[in-house]
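Visitor: no sequence for this one, just the structure:
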């Protein structure tokens with residue numbers, strides 16, 4: 001593992017609080033946490049991973065509700081964490097402020113855009129950390145860093161006081177080293193989570209053909225070993241239909257929210273983010289309108305399959321984390337293939353949890369569960385049961 005001080009410096013921003021505790025008692029009074037630097041904390045700036053935003057922003061007047069909830073439950077906020085620039089990234093690489101360290105695989109990226117949050121939790125610097133998830137920004141770093149990570153049902157938790165990136169996709173989530181802590185945090189937002197009836201496990205067999213062969217080969221037996229699974233086809237329309245639906249919707253959201261800011265004269269942006277904002281300005285309105293309709297059809301089919309008790313099982317990411325020095329071309333290819341997996345919950349506005357499942361070439365690899373709308377509590381309960389099973393019988397290749 002890298003030096004903890006290096007992890008701290010690259011994981012936490014300098015402009016956040018170092019110790020903030022609003023209540024001495026409460027269900028999380030024994031826990032510490034961090035918040036992604038897209039989330040407002042009263043009296044502090046939100047830098048969004050961009051130097052111009054950090055320079056120009058006023059200190060927040062109010063704390064984002066998603067941050068206030070654990071504070072009022074007694075948890076201690078120990079800092080705000082680095083993010084990919086304006087959340088436009090899957091790897092955690094930020095040319096302005098550096099790349100947080102992946103404590104579980106220091107030669108590789110931590111994943112983004114909730115990169116700092118994943119890094120500091122994996123290093124044991126805090127018990128849990130808040131992030132945001134649009135196209136995989138909690139789920140992917142959770143997989144890369146060997147963490148549990150929940151993307152909540154779209155619209156269930158408030159995104160007030162959080163930078164909007166793609167408002168029809170943006171959700172709040174959090175990461176923890178163990179499923180019990182992940183669930184404890186969930187009870188602050190959702191209320192007590194009692195043991196629910198056994199989930200109907202639906203193994204998305206075609207989804208295991210998307211990852212690199214060594215990833216699918218490691219994960220598929222782990223998924224089947226859970227027992228009582230029914231194998232189903234997830235991408236009945238073809239993977240390209242899902243991606244062609246996701247891209248125009250997410251890009252048009254990005255242009256609507258950050259286009260004017262990103263195109264301001266003299267704006268300092270990394271090349272990758274500048275290109276992405278430029279791409280978002282050229283979305284074909286006809287493709288956008290068609291994608292809106294397809295999104296609803298895809299959502300209807302999946303929610304029908306899931307019902308009230310179904311849970312899909314699928315890989316979280318398509319390969320091991322890229323090396324920190326990997327070329328941009330490799331990152332682009334990785335992003336497109338992993339989006340084929342992460343776009344499912346994003347498009348259908350469903351909750352998803354990553355569970356550390358296997359180790360491949362010394363790197364953690366995550367398995368994901370996706371439930372129907374408002375199935376967050378079911379996922380947290382399942383993650384605790386399944387995670388404990390994996391811990392008792394370590395699976396490695």
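Guide: Received the coordinates, thanks. Predicted model, so just to flag it, every value in this text is computed and none were measured.

Visitor: okay, CA-based contacts and neighbour counts for the rest of this
Guide: Fine.

Visitor: give me the distance between the residue lying closest to residue 195 once chain neighbours are set aside and residue 80.
Guide: Excluding its sequence neighbours, the residue lying closest to residue 195 (C-alpha to C-alpha, 6 or more residues apart in numbering) is residue 381, at 6.5 Å. Residue 381 is 28 Å from residue 80, where distance means C-alpha to C-alpha, to the nearest Å.

Visitor: who has more neighbours, these two?
Guide: Each of residue 381 and residue 80 has its neighbours counted (other C-alpha atoms under 10 Å); residue 80 has more, 31 against 22.

Visitor: which SS state does the residue nearest to residue 195 fall under?
Guide: Following DSSP: H, G, I helix; E, B strand; the rest coil, residue 381 is assigned to helix.

Visitor: roughly how far apart are it and residue 259?
Guide: 40 Å.

Visitor: and residue 236, by the same measure?
Guide: 34 Å.

Visitor: who has more neighbours, those two?
Guide: residue 259 (18 against 12).

Visitor: domain map for the chain?
Guide: Using automatic domain parsing, the domain ranges for the chain come out as 4-190, 200-396.

Visitor: okay, these, which one's buried deepest?
Guide: domain 4-190 (a mean of 24; mean count of other C-alpha atoms under 10 Å).

Visitor: chain center to that one, what's the gap?
Guide: 10 Å (C-alpha atoms, centre = their mean, to the nearest Å).

Visitor: cool, and stretch 364-371?
Guide: Stretch 364-371 has its C-alpha centroid displaced from the chain centroid by 11 Å (C-alpha atoms, centre = their mean).

Visitor: name the residues that touch stretch 197-207?
Guide: Contact with stretch 197-207 is made by 223-224, 228-235, 309-315, 341, 378, 382, as judged by C-alpha atoms under 8 Å, 6 or more residues apart in numbering.

Visitor: was I right about residue 371 contacting residue 352?
Guide: Yes. In this structure, residue 371 is within contact of residue 352 by C-alpha atoms under 8 Å, at 6.6 Å.

Visitor: now the element after the longest helix along the chain, going C-ward?
Guide: The residue-count maximum for a helix in the chain (DSSP state H) belongs to helix 239-262. Under the assignment DSSP states H and E, the closest C-terminal helix or strand after helix 239-262 is helix 271-280.

Visitor: quickly note the distance from the residue nearest to the spatial centre of the chain to residue 132.
Guide: Compute the mean C-alpha point of the chain, and by C-alpha atoms, centre = their mean the closest residue is residue 138, 1.4 Å away. For residue 138, the distance to residue 132 equals 6 Å [C-alpha to C-alpha].

Visitor: mutual contacts of the two, please.
Guide: 113, 114, 151, 173, 174.

Visitor: now do the helices in the stretch 201-350 of the chain.
Guide: Secondary structure of the stretch 201-350 of the chain (DSSP state H, counting those that start in this stretch): helices at 213-224, 239-262, 271-280, 285-306, 328-348.

Visitor: could you export these as a markdown table, including distance to residue 389 and mean pLDDT?
Guide: Formatted as a markdown table, those follow (distance: least, C-alpha to C-alpha, whole Å; pLDDT from 0 to 100):
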| stretch | distance to residue 389 | mean pLDDT |
| --- | --- | --- |
| helix 213-224 | 10 | 96 |
| helix 239-262 | 31 | 98 |
| helix 271-280 | 41 | 96 |
| helix 285-306 | 23 | 98 |
| helix 328-348 | 24 | 90 |
